[in-house]
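> Predicted model and sequence follow; I will ask about them next.
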Amino acid sequence: LAAVIGVCAFALLLSQSRTTMATVAITLLAFHWGTFRRIPFMLIGIALAVMVFLFILPYIEDLLVFLSRSGNASEITTGTNRVAIWQTVLELWSDQPLQGWGFGSTLFILPTHSGLFSAAAHAHNNMLEILVTSGVIGMSILIFALFTTISTAIQTRCW
């Protein structure tokens with residue numbers, strides 16, 4: 001728990017990311033409420049969260065405007081234009097599916113793509129970034145490495 005909070009706090013300091021703040025909150029809640037004897041309290045908490053959500057549902061547009069940095073709700077609903085970036089990345093990957101475009105290529109391709117803006121310098125998703133830069137070969141190597149690492153950790157009880 002301390003390691004997760006430390007990594008998230010460090011990432012928060014470097015990026016000021018709301019996702020990191022949410023990750024810290026979810027990790028703390030999961031650690032605190034994640035025991036079997038607290039299941040009734042979890043269910044009550046979920047019911048309260050659903051009630052709050054239903055209460056704020058009519059005001060969701062105002063809430064999204066409040067939560068966005070720019071004051072525009074589309075910043076949150078489009079994931080700060082990540083949907084357009086991901087569509088472009090998948091189109092690029094379909095042109096070079098086996099070996100990809102090469103390491104670091106998104107830094108040069110995405111900002112100059114006609115459907116995107118100049119600030120889109122990477123895929124904003126690690127799996128898509130690996131897929132477009134390394135293709136199916138690189139993604140296969142990554143999946144194999146992750147599978148091997150996780151299975152070794154499970155077998156040796158190193159978690």
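Structure received.
> C-alpha from now on. contacts and neighbour counts both.
Will do.
> what's near enough to touch G102?
Applying C-alpha atoms under 8 Å, 6 or more residues apart in numbering, we find G102 in contact with V132, T133, S134.
> swap the cut-off to 7 Å and go again
By C-alpha atoms under 7 Å, 6 or more residues apart in numbering, the contact set of G102 is T133, S134.
> For stretch 35-45, buried residues please.
By 16 or more other C-alpha atoms under 10 Å, the buried positions in stretch 35-45 come out as M42.
> What separation is there between the residue nearest the centre of the chain and T149?
Centroid check for the chain by C-alpha atoms, centre = their mean gives N125 as the closest residue, at 6.7 Å. Distance, N125 to T149, by C-alpha to C-alpha, to the nearest Å: 21 Å.
> Do a quick rundown of the helices in this structure.
2-15, 18-33, 39-56, 60-67, 74-77, 82-95, 106-109, 126-155 (DSSP state H).
> now those as CSV including mean pLDDT?
Converted to CSV, those look like this (pLDDT from 0 to 100):
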stretch, mean pLDDT
helix 2-15, 74
helix 18-33, 75
helix 39-56, 88
helix 60-67, 82
helix 74-77, 72
helix 82-95, 86
helix 106-109, 82
helix 126-155, 91
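> residues near the closest residue to M127 other than its chain neighbours, how many?
Among residues not flanking M127 along the chain, M139 sits closest, at 7.7 Å (C-alpha to C-alpha, 6 or more residues apart in numbering). Neighbour count for M139, taken as other C-alpha atoms under 10 Å: 21.
> For M139, give its distance to A84.
Between M139 and A84 the computed distance is 22 Å (C-alpha to C-alpha).
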